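S.K.: Predicted structure and sequence below. I'll ask about it afterward.
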Amino acid sequence: MTAFRARSALFMPASNARAIDKARGLSCDVVIVDLEDAVAPETKPAARGAAVAAMDLGFGDRRQAIRINGLDTEWSVDDAAAVRDSRADAVVVPKVSSADDLAAARALLGEDGPPIWAMIETCAAILALPAIAAATGPTRTELLIAGTNDLAKDMRCRPGVDREPLLPALAAIVTAGRAAGILVLDGVCNAIDDPARLAAECAQGAVYGFDGKTLIHPSQIKVANRAFGPSPAEIAWAERIISAFADPANADRGAIRLDGEMIERLHLAEAERIVGLATRAPANAGAQGKGG
């Protein structure tokens, strides 16, 4: 699986220089500078230059990405050309609805361009998830993002606090990401002034297997980091399992008894993953792409 932590991925409008500057002091794992929904059509060319400049300045140890405009828009070609040689760690591509969309995005970005983070936010995308998952390797796609607002619009559903109409799609997106061996982020919570709803969505996303959540306001970061990071109890559980299997007496055993439970090697792999998350750098565990 792609090895970086992405508990909290904050969208910031490329046209808001003050917000972007503030993001450099926030505790999110990922900053996504947005050229799409958050930017008015008349300001998109200027915002494009601002996004590239933001990548040049960087966000410390946070992973940094730019969301371009949709492949079917008049801005996508210029967006891709500008981002291709930038210091972005990844390019967020909205409304990826097929494997062909991933191939088209890779063609625009070039073989050596940044990795793709694909937004899954249409009904067509949900139906095409197996093909999209299979195309992630050839197109250097390293993350899927559930675009819950646009997906709900496309489905014409009315998700409430429990997001019930979206749950099958959310499970399918996680399944596709796991099959591809890449990370998966939950969609945004629009209720900026409702921390209880945010906490419920984060808890639900963690239960469903998401690695983190996309956010639209700095006030949401702390809740997401807590929900998608391993708890002290989980870390202690993982450390006990790692220690038990490290005992020479258990070196050749596929399963052992620990704390009254039967523990197998698959539990050891999960324990190692949990400890890795707990000890990993906030976002850039490894090279930061062209951001260095």
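M.R.: That came in fine, so what should we check first? None of these values were measured; they are calculated from a predicted model.

S.K.: which SS state does the residue nearest to the spatial centre of the chain fall under?
M.R.: Per Cα atoms, centre = their mean, the C-alpha nearest to the average position across the chain is that of residue 185, at 3.8 Å. When classified by DSSP: H, G, I helix; E, B strand; the rest coil, residue 185 comes out as strand.

S.K.: cool, residue 32 as well?
M.R.: Under three-state DSSP, the three-state class of residue 32 is strand.

S.K.: residues contacting it?
M.R.: Shown in contact with residue 32 (Cβ atoms under 8 Å, 6 or more residues apart in numbering): 9-12, 64-67, 92, 214. All C-beta spots, glycine's among them, are computed from the backbone N, C-alpha and C.

S.K.: Let me see the residues that make contact with stretch 10-24.
M.R.: Stretch 10-24 has contacts (Cβ under 8 Å, 6+ apart) with 26, 28, 30-35, 38-40, 43, 46-48, 50-51, 54, 57-60, 62, 66-67, 188, 214-216, 218, 220-221.

S.K.: ok, of those, which come out buried?
M.R.: Buried members of those, scored by 16 or more other Cβ atoms under 10 Å, are 26, 28, 30-35, 38-39, 47-48, 50-51, 54, 58-59, 62, 66-67, 188, 214-216, 218, 220-221.

S.K.: And the pLDDT at the nearest residue to residue 195 once chain neighbours are set aside?
M.R.: Spatial nearest neighbour of residue 195, excluding adjacent residues (Cβ to Cβ, 6 or more residues apart in numbering): residue 223 at 6.5 Å. Note on residue 223: pLDDT of 97.

S.K.: Tally up the residues packed near the residue nearest to residue 50 when sequence neighbours are not counted, please.
M.R.: Closest residue in space to residue 50, ignoring its immediate chain neighbours: residue 14 at 5.0 Å, by Cβ to Cβ, 6+ apart. Residue 14 has 27 neighbouring residues, counting by other Cβ atoms under 10 Å.
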